[in-house]
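Student: When you get a sec, could you give me coordinates for this:
(one chain, ligands or ions: 1)
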Amino acid sequence: MTSIGFIGLGRMGSGMALRLCAAGLPVIVHDVSQEAVATLVAAGATSAESAVAVANAAEIVLVSLPMPDIVHDVLLGPNGVADGSAVKIAVDLSTSGSIMAKRLAEGLAANGIASFDAPVSGGVAAAKNGKLSLMASGPSEHWPAVEAVLQHFGTAFYMGEAPGAGQTMKLVNNLLGAVAIAVTSEGMTMGIKAGLDPARMIEVLNQSTGVNSATRDKWPRSVLPRSFDFGFAAALSHKDMKLCVDEEEALGVDPKFGRLARDLLKRTLDEVGPDADFTAMAKVVEADAGLDPDRPA
Ligand code: NAD
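Tutor: Predicted coordinates for the structure are as follows:
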């Protein structure tokens with residue numbers, strides 16, 4: 001078997017690539033960060049100097065990159081995956097949106113390469129533990145080969161042949177996830193201002209109908225301890241909500257809640273800082289209500 005190529009070894013990509021190494025599979029990696037590459041090499045991966053060098057050695061190449069434009073450049077730009085001599089299938093694990101997925105599929109097809117979008121949900125811990133959910137679309141004849149790799153990362157759902165179907169599914173998921181943080185910020189701030197204990201509120205919500213992914217995971221791990229370090233950059237969550245709003249508008253859906261989440265994330269970047277975690281949305285809502293967002297736990 002040829003190596004599996006993996007480009008983009010950040011918060012999510014490193015966890016997934018490490019799982020391939022741990023399963024004893026031959027993995028060839030590339031990242032612009034040498035530190036990220038070194039971690040994988042220490043785990044048994046081989047490193048390559050460029051995206052095309054990965055694609056000269058691997059029949060299947062996975063990418064997990066921050067922004068859609070970077071995915072486009074790494075796959076279709078100069079010295080990109082599409083120029084590789086060995087690659088037959090390229091899989092985008094990033095959240096890049098369905099419009100980009102269609103562009104990628106066209107560009108890769110022109111080079112005889114099958115394209116899959118397979119964005120992931122679950123966060124850093126799930127990437128490390130193989131508990132992600134993956135939403136994939138691409139040519140059905142290649143799905144068994146792709147699924148055989150993706151099953152190392154968690155549960156892979158095949159959403160059909162149409163390029164971008166997986167991306168649309170992922171944007172729906174992230175809409176619900178981001179809006180859950182926004183609405184939980186509002187409800188928790190209301191309770192705190194009325195004198196309720198935040199830890200007790202989360203305990204009650206998690207046994208009641210208000211339970212959601214923010215009350216269940218984000219508040220206990222990152223908001224109640226005031227660490228705001230859940231592991232997903234507000235900048236990337238903002239990118240997701242921009243993609244979501246654009247796609248809703250293109251489909252004739254009024255993006256009421258998508259716009260709210262997008263705009264709150266923009267304020268989080270402006271008011272908390274460009275490196276803020278997406279859980280810091282809570283700080284903006286608290287500050288608007290006159291609470292000190294930098295108070296200790
Ligand atoms: P990250 O910023 O931690 O990692 C991105 C990696 O890509 C970095 O190691 C960076 O050095 C590398 N990179 C950037 N440009 C490159 C290039 N031109 N060539 C090679 N490597 C390059 O991002 P992340 O949090 O791992 O997210 C990756 C994707 O997964 C994003 O699309 C994000 O929206 C999505 N995602 C993230 C999470 C999460 O919880 N972090 C969850 C689900 C989906």
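
Student: Pull the contacting residues for Val52.
Tutor: Val52 makes contact with 79-81, 83-84 under the criterion C-beta atoms under 8 Å, 6 or more residues apart in numbering. Just so you know, the C-beta spots here come from the backbone N, C-alpha and C atoms, and that holds for glycine as well.

Student: tell me which of those is nearest to Tyr158?
Tutor: Closest approach between the contacts of Val52 and Tyr158, by C-beta to C-beta: Val81, at 22.1 Å.

Student: gap between whatever residue of the chain ends up closest to the ligand and Ala234?
Tutor: For the chain, the residue closest to the ligand is Gly10, as judged by C-beta to the nearest ligand atom, at 1.7 Å. To Ala234, Gly10 is 15 Å away according to C-beta to C-beta, to the nearest Å.

Student: for Ile181, same thing?
Tutor: 10 Å.

Student: who touches both of these two?
Tutor: What both Ile181 and Ala234 touch, as defined by C-beta under 8 Å, 6+ apart, is the set 278, 281.

Student: what secondary structure does Ile4 sit in?
Tutor: Under the three-state scheme (DSSP: H, G, I helix; E, B strand; the rest coil), Ile4 adopts strand.

Student: Next: Glu59.
Tutor: Going by three-state DSSP: Glu59 is strand.

Student: Verify the stated contact: it with Ser85.
Tutor: No - using C-beta atoms under 8 Å, Glu59 is not in contact with Ser85; the gap is 10.5 Å.

Student: Just want to know which of the two has more residues nearby.
Tutor: Ranked by neighbour count (other C-beta atoms under 10 Å), Glu59 and Ser85 place Glu59 first, with 17 against 8.

Student: which ones are touching the more buried one?
Tutor: 2, 86-89.

Student: Neighbours of Thr116, how many?
Tutor: Just so we're on the same page, residue 116 is Phe rather than Thr. 29.

Student: ok, it - contacts?
Tutor: Taking C-beta under 8 Å, 6+ apart as the criterion, Phe116 is in contact with 89-92, 136-139, 142, 146, 166.

Student: Might you specify the subset of those residues located within helices?
Tutor: 146, 166 (DSSP state H).

Student: Serialize the contacts of Phe116 to a markdown table and add fields for neighbour count, pLDDT and distance to Ser121.
Tutor: What follows is those, written out as a markdown table (neighbours: other C-beta atoms under 10 Å; pLDDT from 0 to 100; distance: C-beta to C-beta, whole Å):
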| residue | neighbour count | pLDDT | distance to Ser121 |
| --- | --- | --- | --- |
| Ile89 | 22 | 98 | 22 |
| Ala90 | 32 | 98 | 21 |
| Val91 | 26 | 98 | 16 |
| Asp92 | 32 | 98 | 15 |
| Ala136 | 26 | 98 | 12 |
| Ser137 | 27 | 98 | 15 |
| Gly138 | 29 | 98 | 18 |
| Pro139 | 15 | 98 | 23 |
| His142 | 16 | 98 | 22 |
| Val146 | 22 | 98 | 17 |
| Gly166 | 30 | 98 | 11 |
